[in-house]
Structure formats: structure tokens, C-alpha cells
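A.B. asks: Predicted coordinates and the sequence they were generated for:
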Amino acid sequence: MIGAACLIASTDQLSTAGQAPTNPANAASKTWTPPRTPDGQPDIQGMWTNFDNTPFEAPGGPEDATHLAALRKWFPPNDQTGPGALWGTDGPASATRNARRKAMVVDPENGRVPVRADAEAKKDHALTHLTDSWENFTPWERCITRGVPAGIFPGFYGAGYQIIQSPGMVVIVYEMIHEARIIPIDGRPHIHSNIRHWNGDSRGRWEGNTLVVDVTNYNDKSSIATNLASQRIRGIGQSERLHVVERFTVVDANTIHYEATIDDPDTYTSPWKVAMPINRDPTYRMFEYACHEGNYGLPNTLKGARAEERSAKEPEPRR
């Protein structure tokens, strides 16, 4: 089974505490003018990566032990490391690596996601009963989707993103799970509220050098973070009230500052935000991500669990 986002003027402008300085993207964008596409958009086309060894959340206190114990049952310890170091690698040698920061979560200031206790308990139950049902696995592990905005949260590998622009559209092609996300920027309204998607409905607009993407119309079947690199937040569910606002700010020729503000009153006690740099890398190549819904690893994992259960029920042979 296949296992487990923005940007600031430059990675060294990230504070040592892991939080972004006040309006760094706005300040930098005033001094740099990006090239334009034929229809006048800031040109952000090309290949981008986000190799980043920053922990998703700031380290917690003793309360983390309970939530991470179940995770360690299935995967290596990851409470003190960022995504890259989990496998002992963080992309190709030529890749730009972001400076390690306190946490990718920048709001609240403590770097901790304000998860409701009931949402965390539901996630913990699913994780401790992981092999009871395919429904206890995240959509990423089921090869359906990494989610939005989860697809931009750094993972262990597959950190490539190709951005394509056309009149009225911005398209982001994700290396991991080979998704192509189409973001209309032509002013069309969101789809009808009765229509719900795993990754919601994205509508974008340019505010100067910042692409602002408003995402609504989520279903309640996915998770806000699906990859193991998201630590404690992996597997936290989403409700139909989920509302995400992403900001892709062009800082310089090779940097985008990405921010995502997540608001879901059924899951969190207050909105929260993640932020990180995304780096241009014209040498990076995306290859096939051979993941498909119902991948062989998942049914085999469930079959193995059923076999263990049958074996445990069989009486020991007489001697």
C-alpha cells in the first residue's frame, strides 16, 4: 500500500520561531514585477516543488502521546520530524529545501491546530481500528485524493507541482496521485450548494501578485490532511461546512508564498492557517504516480487482518 501549502520573499526571511513576518509577501511583491501571460495574469507557469523538513505542527505536550501511539503502531515515529526526514530523504540533491521552521501551522501562534475533541477522538478510533474497515483509511491511502488543501502540504516524496495557465483558468497538476486541479478565475460563481465534492469547488481571482482561491462545496467523506507527514492531523475529518481560502503570492522569479486558512466549525474550535514557500525548479521531472482507487495494498492489508483474526480463533492443535 502506498504510504502518506504559501511563500515568503525567501526562505531565510522566515522567522526562527517558524512564523511568517507581518505581510512579507505583500511587502516583497511591491518591489518585484512578475512577467505576464498574454491575458494579463502574473505568469507562474512551470514546475514547482516544496521539499520541507518542517514539522506540520509544533511539538505538543504529554497529550500528544495518546494521539501518536496509534500512529506508531503502523508507521515509524514522526512526532519530532518533518516529512522529509521520515524516510531519511528530502528530495533529489539538486532540490531547493526550505529552511526548517517551528511549524507549518502559523496561526494560532503556538503552531497547534485547534481540533475539536470529538473530531480528534473519531480520528484516533479509526486509526486504532485501521484494519477493521477500508473506511478507516484516508482517501490518500485509498488512492482517491490527497485533498485540498492537503495536496500541497509537503509529504515524504512526490513533491512536484506543475502550474499551467490559460485565459480564465489556472491549473495545478499534482505529482502525488496525479490530480489536475482546475481553478476558474473568470468570475463565475460557485456551483450549487447541493453539489458536493471530495476536494470542494475552487474559484480564484488575482489580487495584484496574489492568486486568491476560495474553496467551498466540500463533502464530508475526506480528511483535511491525509498524509502521514501531517502528524496528529492526519485523518481528521471534514464536514460540509469546510471553507478554505488559499493565497499564492508571487514573491520573486523562483518563489511563491503559499497560505491556506481552514475554517470548519464542526471540526475545529477556530480557523487556523498553514504557510510555506514553494520553489521553482525547472530541472524537476514528474513521473507516473502509479496509485489507483482500491490499490492492491489496501485489500491485501484487510485480507491479512481477517486471516489473523481467523487464526486467533482457531483452537491450538492437541499434542
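C.D. replies: Looks like it came in fine.

A.B. asks: Can you report how many residues lie near Ala99?
C.D. replies: 16 (other Cβ atoms under 10 Å). Using the backbone N, CA and C atoms, a C-beta is placed for each residue, glycine as well.

A.B. asks: Would you mind measuring from it to Ser311?
C.D. replies: The gap separating Ala99 from Ser311 is 50 Å, by Cβ to Cβ, to the nearest Å.

A.B. asks: Rank the helices and strands of this structure by mean pLDDT and give me the bottom one.
C.D. replies: Within the chain, judged by mean pLDDT, DSSP states H and E, the helix or strand with the poorest mean is helix 83-86; its value is a mean of 45.

A.B. asks: which is the next helix or strand following it?
C.D. replies: strand 97-98 (DSSP states H and E).

A.B. asks: Who does that next one pair with, and is each partner parallel or antiparallel?
C.D. replies: Applying DSSP bridges to the sheet, strand 97-98 is found paired with strand 51-52 (parallel).

A.B. asks: looking only at pLDDT, what's the mean for the partner strand?
C.D. replies: For strand 51-52, mean pLDDT rounds to 86.

A.B. asks: Likewise for stretch 279-296?
C.D. replies: 85.

A.B. asks: and Ala307, helix, strand or coil?
C.D. replies: State at Ala307, reduced to three classes by DSSP: H, G, I helix; E, B strand; the rest coil: helix.

A.B. asks: swap that for Ile256, please
C.D. replies: Going by three-state DSSP: Ile256 is strand.

A.B. asks: Which stretches in the protein count as strands?
C.D. replies: For the chain, the strands defined by DSSP state E occupy 46-49, 51-52, 97-98, 105-107, 160-166, 169-174, 180-184, 201-207, 210-216, 243-252, 255-263, 272-280.

A.B. asks: Against which helices or strands is the last one packed?
C.D. replies: Applying 3 or more Cβ pairs under 8 Å, 6 or more residues apart in numbering; DSSP states H and E, one finds that strand 272-280 contacts strand 46-49, strand 51-52, strand 97-98, strand 105-107, strand 255-263.

A.B. asks: quick one, which of the ones you listed is packed in tightest?
C.D. replies: Mean neighbours per residue, mean count of other Cβ atoms under 10 Å, is largest over the helices and strands packed on strand 272-280 for strand 51-52, with a mean of 26.
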